[in-house]
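Undergrad: after the sequence you'll find the predicted model.
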Amino acid sequence: MEAGIVTVVGASGTLGSEIVRALLKKGARVRAMVRATSNRTKLESLGVTDFVVADLMDPTSLQRALTAEPRAQAVVASAIGSSAHTARTKGDNSRTDNEGYRNLVDAARNAGVPRIVLISILECDKASEVPLFHNKFVTEQYLAERRQPYLALRAGAFLDRARDMVAPKVRKGVFPEIVPGVAMGMIYTPDLARYAAQAALDVPASALNQSVDVCWDVPATGPLLAAAFTRALGRPVVAKPAFPPLLIAVMPLVARFVPTLRDMLAVLAWIRKGGYVSRDSQKQKDLFGEPPTIEEAVAQYCRDKGLVGPTAS
Ligand SMILES: NC(=O)c1ccc[n+]([C@@H]2O[C@H](COP(=O)([O-])OP(=O)(O)OC[C@H]3O[C@@H](n4cnc5c(N)ncnc54)[C@H](OP(=O)(O)O)[C@@H]3O)[C@@H](O)[C@H]2O)c1
């Protein structure tokens, strides 16, 4: 059967463009929801031609985007207002992740969208002191309250972030540990993107309306990751703190004036407590099969980033 249209919200983002790639690979037609200011270059290079311009803070634009014909069979929501990617755009803040997502759910309900796949965050229901996480839980609750069919993928921390600080360090034999000594749930974005595409196209309607943790098979630590990089590259990689102690000491002062840094510090403080791990991997296994291992993800990451093979430097 030919796959239908899937609208991707936040398509220009790091994960969003991976989701687009995964959907295209499965034969879906992708409708990329972007802002007027979004950079479309990567999406166009992937072959996307169907763009709708909308902003989560503008309900009218969302309504227009979600009622575009032919209608999409699913919406995958990967946008985030509180990230480094968008921090330079005036008006982006946690309002986007709260009010903006409410607007999206309302527009989807009004347009009769058959399902929303929400990119959520691991343990977001237990992190009320972290706005970045708590807003995901608020959106999950609002999806249920409005009876909008959904599947929330509660992802662990990305191995590859919008500003990838891993590859340049690993080239120098160092794995940068964001929160040294603490195990946390993690995932590599192409794996999460593959799940999001499956959730949009293949997961049966009977499995909707739940939240599913999405992580590797075991929580990751710096030493575990450094060992996996050592094996993948065939040369030693050691784990070292990503931030020097002096930087950590001044961060709270700077954060008073920089909201994104404040968000990040709240995240780090919360992760330090040790709660950022999956407590239920069964749903992930039931829906998507055996979770990727750290070894598999790191080996793939090394190939994707050109750290191994003929182009390695
Ligand atoms: N990083 C992690 O470790 C992690 C872990 C778990 C879950 N997640 C979740 O993964 C998702 C994707 O993260 P990412 O790192 O790929 O994000 P990203 O690269 O920062 O991309 C953010 C996207 O959101 C769009 N956006 C921002 N404000 C918007 C608005 N008002 N209206 C419409 N679109 C808007 C941006 O568009 P522009 O291009 O126009 O700026 C961009 O496409 C997020 O939902 C995040 O919470 C991340």
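TA: Received it, and whenever you're ready, just let me know what you need.
Undergrad: so who does residue 193 touch?
TA: Residue 193 sits next to 15, 18, 19, 21, 22 when contact means Cβ atoms under 8 Å, 6 or more residues apart in numbering. No exception for glycine: its C-beta is placed from N, CA and C like everyone else's.
Undergrad: mind checking which of those residues land in helices?
TA: Among the contacts of residue 193, the residues falling in helices (DSSP state H) are 15, 18, 19, 21, 22.
Undergrad: what's the first one in contact with, if anything?
TA: What that stands for is residue 15. Shown in contact with residue 15 (Cβ under 8 Å, 6+ apart): 78, 119, 158, 189, 192, 193.
Undergrad: what helix or strand does the second one sit in?
TA: What it means is residue 119. strand 116-121 (DSSP states H and E).
Undergrad: could you pull out the helices in the chain for me?
TA: 14-25, 41-46, 59-66, 94-95, 101-111, 131-145, 166-171, 189-201, 222-233, 245-255, 259-272, 282-288, 294-304.
Undergrad: what's the closest of these to the ligand?
TA: Of all the helices of the chain, helix 14-25 sits nearest to the ligand, with 3.3 Å by Cβ to the nearest ligand atom.
Undergrad: is any part of the closest one close to the ligand?
TA: Yes - judged by Cβ under 6 Å from any ligand atom, helix 14-25 comes into contact with the ligand through 14, 15, 16.
Undergrad: how far does that helix sit from the chain's center?
TA: Put simply, helix 14-25 sits 11 Å off its chain's centre (Cα atoms, centre = their mean, to the nearest Å).
Undergrad: now it against strand 116-121, angle please.
TA: Counting by axes from the mean of the first three to the mean of the last three Cα atoms, to 10 degrees, helix 14-25 lies at 140 degrees to strand 116-121.
Undergrad: quick one on the thing from earlier: reformat the contacts of residue 15 as CSV; add pLDDT and distance to the ligand.
TA: Shown next, in CSV, are the contacts of residue 15 (pLDDT from 0 to 100; distance: Cβ to the nearest ligand atom, whole Å):
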residue, pLDDT, distance to the ligand
78, 98, 4
119, 98, 4
158, 96, 4
189, 97, 7
192, 98, 8
193, 98, 10
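Undergrad: contact partners for the closest residue in space to residue 138 that isn't next to it in sequence?
TA: If the residues on either side of it in the chain are set aside, residue 138 comes closest to residue 98, at 6.0 Å by Cβ to Cβ, 6 or more residues apart in numbering. Residue 98 makes contact with 135, 138, 139, according to Cβ under 8 Å, 6+ apart.
Undergrad: please apply the same query to residue 105.
TA: Counted by Cβ under 8 Å, 6+ apart, residue 105 has contacts 116, 139, 142, 143, 146, 148.
Undergrad: and of the residues you listed, the nearest to residue 106?
TA: Checking the contacts of residue 105 against residue 106 by Cβ to Cβ gives residue 146 as the nearest, at 7.1 Å.
Undergrad: any idea how far the closest one lies from residue 78?
TA: Here residue 146 is placed at a distance of 20 Å from residue 78 (Cβ to Cβ, to the nearest Å).
Undergrad: higher neighbour count, those two?
TA: Using other Cβ atoms under 10 Å as the criterion, residue 146 and residue 78 rank with residue 78 on top: 27 against 14.
Undergrad: so that one touches residue 12, yeah?
TA: No - judged on Cβ atoms under 8 Å, residue 78 makes no contact with residue 12 at a distance of 9.8 Å.
Undergrad: what do those two both touch?
TA: What both residue 78 and residue 12 touch, as defined by Cβ under 8 Å, 6+ apart, is an empty set.
Undergrad: can you name the residue of the stretch 1-150 of the chain nearest the ligand?
TA: At 2.2 Å from the ligand, residue 13 is the closest residue in the stretch 1-150 of the chain, using Cβ to the nearest ligand atom.
Undergrad: show me what from the stretch 201-313 of the chain comes close to the ligand.
TA: By Cβ under 6 Å from any ligand atom, no part of the stretch 201-313 of the chain sits against the ligand.
Undergrad: so, low pLDDT: which residues of the stretch 201-313 of the chain?
TA: 310-313 (pLDDT under 70).
Undergrad: ok, now the stretch 1-150 of the chain?
TA: Flagging of the stretch 1-150 of the chain using pLDDT under 70 yields the residue ranges 1-3, 83-92.
Undergrad: who's residue 212 bridged to?
TA: Counting by DSSP bridges, residue 212 forms beta bridges with residue 153.
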